[in-house]
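Student: this one's structure only:
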């Protein structure tokens, strides 16, 4: 009994045949077979193990394999598939630095004129993680905003300073002011009150010239007949002041006066009018003059 093998091409396998060889010199229908000549298809070996492509977070492991387990031979087919491959790998999370999100939009702090807009932002785009640094800068900010002008009520400026209306004594200062500190604008109200005013002013007293007062009423120098009436006046209506001039003229004056006739027993001594007086049985004429 001799064992024979037959190669079956369609099935790419070897079939063992068993038979009896009666004539060893005859090769009809029987072929000897060398198994080392059979086709061998390639088979992949194990994947190589490589490092993750990153040191943190998500990455890839690139790996290789060889068609050598076994390698194709004797017209065997090559390995089917790729000799390279990538697998995901996950390591500890990478540090993530925080990034600011968008600023919020707030209203202007005023309804007219100049104001401020206060706005905020959050460190969440992304937030800091895995020991990453926090966002740099402030989370709040103020921006100027300008709306329509506010109503401005007029305010008076300072009074102007004018001269006194006189050079001495009591007078008036006329003064003015302008509605310009500030002027009314944007439908604000005008200034209230007058733009003109008068104030009293007092300077050094004016020179006053003296004026005579009324004459006093004196007595006639005789009790009968013709005589002289003496009278006085004072420079006090008004008196001179502030370097004014004194009254001009005399403060004493005399006027003739006539009373009832004298008795005949009286006689005149001398030629001038005067008073007759009795002294030691003689008449003596006494005269007086005043200037």
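Tutor: Alright, I've got the coordinates. These figures come from a predicted structure and were not determined experimentally.

Student: would you confirm that residue 160 contacts residue 176?
Tutor: Yes: look at residue 160 against residue 176 with CB atoms under 8 Å: they come within range, at 4.8 Å. Heads up, the C-betas are built off the backbone N, CA and C, glycines and all.

Student: could you pull up the residues touching residue 255?
Tutor: With contact taken as CB atoms under 8 Å, 6 or more residues apart in numbering, residue 255 is in contact with 228, 229, 231.

Student: how many other residues sit next to the first one?
Tutor: It stands for residue 228. Using other CB atoms under 10 Å, residue 228 is surrounded by 20 other residues.

Student: specify the beta-bridge partners of it.
Tutor: Here residue 228 sits in beta bridges with residue 256, going by DSSP bridges.

Student: cool, and the one 4 residues further on?
Tutor: With beta bridges defined as DSSP bridges, residue 232 has these partners: residue 252.

Student: burial of it, as a residue count?
Tutor: 14.

Student: now do it, the pLDDT please.
Tutor: On the pLDDT scale, residue 232 is placed at 94.

Student: was I right about it contacting residue 216?
Tutor: Yes: the pair residue 232 / residue 216 is scored as a contact, 4.6 Å apart, by CB under 8 Å.

Student: quickly list what's touching both of these two.
Tutor: The overlap between the contact sets of residue 232 and residue 216 (CB under 8 Å, 6+ apart) is empty.

Student: rewinding a little: can I get the contacts of residue 255 in TSV including distance to residue 121?
Tutor: Output for those, formatted as TSV (distance: CB to CB, whole Å):
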residue	distance to residue 121
228	119
229	115
231	109
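
Student: name the nearest of those relative to residue 100.
Tutor: residue 231 (112.3 Å; CB to CB).

Student: quickly note the distance from the closest one to residue 197.
Tutor: 52 Å (CB to CB, to the nearest Å).

Student: how about residue 92?
Tutor: 86 Å.

Student: comparing the two, which residue is more hemmed in?
Tutor: Taking other CB under 10 Å, residue 92 and residue 197 do not tie; residue 197 has more neighbours (13 against 9).

Student: not counting sequence-adjacent ones, nearest residue to that one?
Tutor: Distances taken as CB to CB, 6 or more residues apart in numbering put residue 175 closest to residue 197, at 5.4 Å, once the chain neighbours are dropped.

Student: and the one you found, its phi and psi?
Tutor: Main-chain torsions, residue 175, degrees, to the nearest 10: phi -130, psi 160.

Student: residues contacting it?
Tutor: By CB under 8 Å, 6+ apart, residue 175 lies in contact with 159, 160, 161, 162, 196, 197, 198, 199.

Student: now residue 177
Tutor: Here residue 177 is in contact with 156, 157, 158, 159, 160, 195, 196, 197 (CB under 8 Å, 6+ apart).

Student: let's see the pLDDT reported for residue 261.
Tutor: 84.

Student: which SS state does it fall under?
Tutor: Here residue 261 is coil, with the state taken from DSSP: H, G, I helix; E, B strand; the rest coil.

Student: number of residues surrounding it?
Tutor: Neighbours of residue 261 (other CB under 10 Å): 10.

Student: can I assume it is in contact with residue 223?
Tutor: No: assessed by CB under 8 Å, residue 261 is found out of contact with residue 223, at 11.3 Å.

Student: any common contacting residues for these two?
Tutor: With CB under 8 Å, 6+ apart, residue 261 and residue 223 have no common neighbours.

Student: residues touching residue 171, list them.
Tutor: Here residue 171 is in contact with 164, 165, 200, 201, 202, 203 (CB under 8 Å, 6+ apart).

Student: most neighbours among these, please name it.
Tutor: residue 164 (17 neighbours).

Student: which residue packs closest to that one, ignoring adjacent ones?
Tutor: Closest residue in space to residue 164, ignoring its immediate chain neighbours: residue 201 at 3.9 Å, by CB to CB, 6+ apart.

Student: who are the contact partners of the one you found?
Tutor: Residue 201 sits in contact with 164, 165, 166, 170, 171, 172, 173, where contact means CB under 8 Å, 6+ apart.

Student: identify the farthest-apart pair in these.
Tutor: Most distant of the contacts of residue 201, by CB to CB, are 170 and 173, 11.3 Å apart.

Student: need the overlap of contacts for those two.
Tutor: Residues touching both residue 170 and residue 173 (CB under 8 Å, 6+ apart) are 200, 201.

Student: more neighbours: these two, which one.
Tutor: A count of neighbours by other CB under 10 Å puts residue 173 above the other of residue 170 and residue 173, at 16 against 13.
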